[in-house]
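**Student:** model the structure of this input:
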Amino acid sequence: MSNGIKAIKDLGFPWTTQDPFLFCVYHEDHYPKGNGEMGPDADLSNRPLGNDFQKKDGYRMYHGSKVPGFPSHPHRGFETVTIVNKGFADHTDSMGAAGRFGNGDVQWMTAGAGVQHSEMFPLLDEESPNDLDLFQIWLNLPARDKMVRPHFKMLWREDIPVFTETDSAGNDSKIQLIAGTWNTNKAPDPAPNSWAANSDHDVAIYRISMAAQAELQLPKTAAHTNRSLYFYKGNEVFVNDTKFTYFKAIELESEAAITLKNGDQPSEFLVLQGKPINEPVVQYGPFVMNTEAEIQEAYADYQRTQWGGWPWPKHEYTHPKEQGRFALHADGTREER
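**Tutor:** Down below sits the predicted model:
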C-alpha cells in the first residue's frame, strides 16, 4: 500500500500488534451496580463462571466467580501495560506487591523471570452502574532481559501528560501520553528494564480523543519503527486522505507524515509504536521466550517453585471496599493517592 499506510486489519479480540508488542486487548464492560461485595448486583447463575467471555447483558465476568477479573496466573518473559480509563483494577502478586488503580491510571509490570499476579475489577459503586474501559498491552523483552527481576511501576493519572492540540478551525484533539514523547511533551519513565526505557527504541503509547471534524498531525517516527493506529470508537476518519470506518487497525509506514482528519462524530484511537526487537518469539499461554526449550524450562520452573507461591488469602483477592487508590511495592514502599 502507499500514502503512509502499510496494512489494514479488522479489530478482533485481542487486537493484532507489531513487534515489539505482542498483544493488545480492549475490555469495555458495562457492569450493573455493585452488590456490597464488589461483584455485580445481578443473578450470575446462568453464566459460565470461571470462563465468562460472552458479554451477556453488556459485561463479562472473565475468570472471576464473584468479582469480575483474572485470578492469579503466571507470566514470564515480557511486560504488561494496563491502562484503566474507567473503573478500577485490584492488583496482587507473588512478590507481595499490591495496588488499586483506575480512572486514568496505568500499571507497568515487568514479569521478567516470573511472577504470579491477579487482576480483579471491583464494582465499588452500589448506587449506579460500574463501567470498565481498559487496555492491556503486552510488550516483549529482548533475550538479554527476559530473566530480569520482576517489577511493577504505577503511572498515576496525575503524572501522565494529557494535553490538547487545536487545529486551524478550532477543533480539539486530546492526547494522553503514556509512553514516549509527543513533540516537546514527555511521558513518565517506564519500568527500568523495559524495551521502552531506551529512547533509541522509539517506543510510544498514545491515547487520542478527537472532536468531530478535528484534524491532527502525528509526530514522525524514526526509521524502521513499527506504528499501529487503532480506531476503536467513532464513525470514520481520513488517514492521509484514505477513508476508514471504525474498528480498524492501520499499520503506518515509518518516517511518513501522518494526518488524521476526523469525521462527523467524536473518535478515539490508541497508538502503539516502537522499533522491533527482531528476535524469535515463542509463546505458549502466559510465557513468551525465544526457544521451545526455554518455554519448557519456564513451565518446569513454575511447577517446581510457583515463583514464590501466593501470599494472599484468595487467588481472586480484592482489597477492602473503602480502600482508595494505592500501590504497595515488593520492597514495602507504599503510595497512597
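**Student:** in this structure, which spans are helices?
**Tutor:** Taking DSSP state H as the test, the helices found in the chain are 292-305.
**Student:** beta partners for the residue nearest to the spatial centre of it?
**Tutor:** Geometric centre of the chain, nearest residue: residue 136, 2.5 Å, by C-alpha atoms, centre = their mean. Per DSSP bridges, the residues bridged to residue 136 are residue 25, residue 82.
**Student:** so it touches residue 84, yeah?
**Tutor:** No: in this structure, residue 136 is not within contact of residue 84 by C-beta atoms under 8 Å, at 9.5 Å. Where you see a C-beta, it was placed from the backbone N, CA and C, and this is true even at glycine.
**Student:** could you dump stretch 179-187 to CSV, C-alpha only?
**Tutor:** Provided in CSV are the C-alpha atoms of stretch 179-187 (Å, rounded to 0.1, in the frame of the first residue of the first chain):
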residue,chain,number,x,y,z
ALA,A,179,5.0,6.3,26.9
GLY,A,180,7.5,8.1,24.7
THR,A,181,7.3,11.7,23.5
TRP,A,182,4.9,13.9,21.6
ASN,A,183,6.8,16.9,20.3
THR,A,184,8.1,18.7,23.5
ASN,A,185,5.9,16.5,25.8
LYS,A,186,7.4,13.5,27.6
ALA,A,187,5.7,10.6,29.3
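**Student:** quick check: buried residues in that stretch?
**Tutor:** Residues 179-180, 182, 187 are the ones in stretch 179-187 that count as buried (16 or more other C-beta atoms under 10 Å).
**Student:** pick out the most distant pair among the residues you listed.
**Tutor:** Using C-beta to C-beta, the two most remote members of these are 179 and 182, lying 10.4 Å apart.
**Student:** which residues do the two both contact?
**Tutor:** Common contacts of residue 179 and residue 182 (C-beta atoms under 8 Å, 6 or more residues apart in numbering): residue 204.
**Student:** picking that back up, would you list the buried residues of stretch 179-187 in a markdown table and tack on pLDDT?
**Tutor:** Below are those laid out as a markdown table (pLDDT from 0 to 100):
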| residue | pLDDT |
| --- | --- |
| 179 | 98 |
| 180 | 98 |
| 182 | 96 |
| 187 | 98 |
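**Student:** next, format the residues you listed as a markdown table and append distance to residue 258.
**Tutor:** Formatted as a markdown table, the buried residues of stretch 179-187 follow (distance: C-beta to C-beta, whole Å):
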| residue | distance to residue 258 |
| --- | --- |
| 179 | 18 |
| 180 | 15 |
| 182 | 13 |
| 187 | 19 |
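**Student:** now intersect those residues with the strands, please.
**Tutor:** Counted as lying in strands by DSSP state E, out of these, are 179, 182.
**Student:** all strands for the stretch 1-150 of the chain, in order.
**Tutor:** In the stretch 1-150 of the chain, the segments counted as strands under DSSP state E, counting those that start in this stretch are 5-10, 21-31, 69-75, 78-86, 88-93, 98-102, 106-110, 115-120, 130-140.
**Student:** pLDDT value on residue 106, please?
**Tutor:** Looking at residue 106, its pLDDT reads 98.
**Student:** let me redo that: residue 1
**Tutor:** In this model, residue 1 is scored at 62, pLDDT.
**Student:** renumber starting at 898 from here on
**Tutor:** Sure thing, new numbering starts at 898, so read that last one as residue 898.
**Student:** so who does residue 1138 touch?
**Tutor:** 900, 1158.
**Student:** apologies, that question was intended for residue 1186.
**Tutor:** Here residue 1186 is in contact with 973-974, 1043, 1179-1180, 1192, 1195 (C-beta under 8 Å, 6+ apart).
**Student:** which among these gets closest to residue 1224?
**Tutor:** residue 973 (22.3 Å).
**Student:** residues touching that closest one, list them.
**Tutor:** 1008-1012, 1043, 1183-1186, 1195, 1198-1199.
**Student:** export those to a markdown table and tack on pLDDT and distance to residue 1164?
**Tutor:** Formatted as a markdown table, the contacts of residue 973 follow (pLDDT from 0 to 100; distance: C-beta to C-beta, whole Å):
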| residue | pLDDT | distance to residue 1164 |
| --- | --- | --- |
| 1008 | 97 | 33 |
| 1009 | 97 | 36 |
| 1010 | 97 | 40 |
| 1011 | 97 | 39 |
| 1012 | 97 | 36 |
| 1043 | 98 | 37 |
| 1183 | 93 | 33 |
| 1184 | 97 | 36 |
| 1185 | 98 | 32 |
| 1186 | 98 | 38 |
| 1195 | 97 | 40 |
| 1198 | 96 | 45 |
| 1199 | 96 | 42 |
